[in-house]
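> I'd like to go over a predicted model; first the sequence, then the structure.
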Amino acid sequence: QKVFAAKERPLTDPLIVHVTETSDAQRLWNADENSEEGRALQALCDNFWPGPLTLVAKAAKNVPQILMANTGYVACRSPSHSIARSLIEKSMVPIAAPSANKFGHVSPTRANHVYDDLLHEDVWIVDPKEQQDSASSTSVCDVGVESTVAKITCENGSGMGKIVVLRQGAVSATDFEEVLAKAGLDKAFAVEAAIDKTTADHVATVAPGQTVRHYAPHIPSFILSQERYGSSELSEEDKKSLSSMVIIDYGQRLSSWKQYALAYRELSALNNSAEAAKGVFETLRWAELVEGATKIIFPEISSSGSGDALTLALKDRLTRAASGVVIHNIRGNDV
C-alpha cells in the first residue's frame, strides 16, 4: 500500500516482482516445470535473465492480490544491475517494485530524478555515484527504457499457447521465436505483439505501462506527423510558435527547425535506436524544465516493417508521453 500511495499509483496497475534466481520466480508462478508453459518460462529465463525481460504468468496461491491488480497473473523479472541484485539478495525475499517516480510521469534513470519526484515521500534513495558527468551522459542504465513485458498462457485442451508482448523493451518478438525454436517449443506457442493497445487508469491490467498517458512530461507534449515535418516550409507564424517550443528530434527529422525553437535536443542523429532509447527519459525530463517552454514536440517515428526492438520501444514511449496525440499543425493542437 505504501508503494502505491507514494507513487500516487492506482491499484489497477500491478507491480513487478524482482528476483535473482529463476527458482524464486517459479515459486511465484503456477506452472508445472515439466509442462510446455513451464518449459517455455525456463527457456526464456535461461536466455534473457538477468536482463530486461519481465515474464507474466498465472500466479501461485501465495502471491498477494495487490501485486497483481487482482488479475491472477504475476509479473517477474531478474535485474542485471549489481545494486539491485545485492539489495534482493540481502533482503532474502523477492522485491515487488515499480519505477521510482510519480505515476504517469517520465521514468527515472538517475538518482536525482527519483529525488525530484519523491522528495516529500518516505523513501530512501540509493545513489550509485556514477563517475560519469551528467552533462555528457544521458543515463546510468544499460538500456534506458523499461523491460519488455510478455504474458505466457497455455490453456489445456485449447490448442496452441500464446506469448503476448505487452510492453516493448530490448527483447523482441523475434527473440522469443528464436528461443522457443531452440527449445523445441515453436509449435506449441504463437508469439504476438499487443504493444499498441492501451487501457484507462481504472481498468486492471496484468502488466504496468499500459495506459495511453504514461512517461509524460509536466508540459503538453505532441507527436508531429510525418506529413507535416516532411514539408520543411515554415510560415512566419510557425516560426513564432516554435520560439516557445522544445523540439526532441530523432534522425535529424526536425533539424532545419532548430534555429527557430526555444530549445532543441537530438536523441540520435544517425537513427541509432539504442542511443536514442538510452537517452529518451533524460531528454524528456530536461525538456519539461526548459524555462518558458509551452509545448514539447517530437517527430512521428515509423515502425512499419521494423523488427528492431528498441525502435518499437522508442516509438511506444514517445507515443505515450504524448498521450497518443499526433498533430499536423504546430500552431495549434489539430489532430
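Perfect, thanks for sending it. Bear in mind the structure is a predicted one, so any value in this text is a computation, not a measurement.
> could you pull out the strands for the stretch 151-300 of the chain?
Ranges of strands in the stretch 151-300 of the chain, per DSSP state E, counting those that start in this stretch, are 161-167, 189-193, 221-224, 245-249, 263-266, 295-299.
> okay, now S91: neighbour count?
11 (other C-beta atoms under 10 Å). No exception for glycine: its C-beta is placed from N, CA and C like everyone else's.
> returning to what we had before: can I get the strands of the stretch 151-300 of the chain in TSV including mean neighbour count?
Output for these, formatted as TSV (neighbours: other C-beta atoms under 10 Å):
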stretch	mean neighbour count
strand 161-167	21
strand 189-193	17
strand 221-224	22
strand 245-249	25
strand 263-266	19
strand 295-299	24
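> could you dump those strands into CSV and include mean pLDDT and distance to Y215?
Putting the strands of the stretch 151-300 of the chain into CSV (pLDDT from 0 to 100; distance: least, C-beta to C-beta, whole Å) gives the following:
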stretch, mean pLDDT, distance to Y215
strand 161-167, 95, 11
strand 189-193, 94, 19
strand 221-224, 97, 10
strand 245-249, 98, 12
strand 263-266, 98, 16
strand 295-299, 97, 12
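> distance to T20 for those strands - can I get that in TSV?
Putting these into TSV (distance: least, C-beta to C-beta, whole Å) gives the following:
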stretch	distance to T20
strand 161-167	22
strand 189-193	26
strand 221-224	37
strand 245-249	36
strand 263-266	36
strand 295-299	37
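> figure out which of the ones you listed is closest to A97.
strand 161-167 (16.1 Å; C-beta to C-beta).
> from the chain's centroid, how far away is the closest one?
16 Å (C-alpha atoms, centre = their mean, to the nearest Å).
> looking at the strands of the stretch 151-300 of the chain, which is closest to L312?
Here strand 189-193 is closest among those (C-beta to C-beta), at 8.1 Å.
> D24 sits in which helix or strand?
Taking DSSP states H and E as the definition, D24 sits inside helix 22-26.
> please save the CA atoms from that helix in PDB.
Written as PDB, here are the backbone C-alpha positions of helix 22-26 (Å, rounded to 0.1, in the frame of the first residue of the first chain):
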ATOM      1  CA  THR A  22      14.700 -18.400 -11.700                       C
ATOM      2  CA  SER A  23      13.700 -20.800  -9.000                       C
ATOM      3  CA  ASP A  24      12.400 -17.800  -6.900                       C
ATOM      4  CA  ALA A  25      10.100 -16.800  -9.800                       C
ATOM      5  CA  GLN A  26       9.000 -20.400 -10.300                       C
END
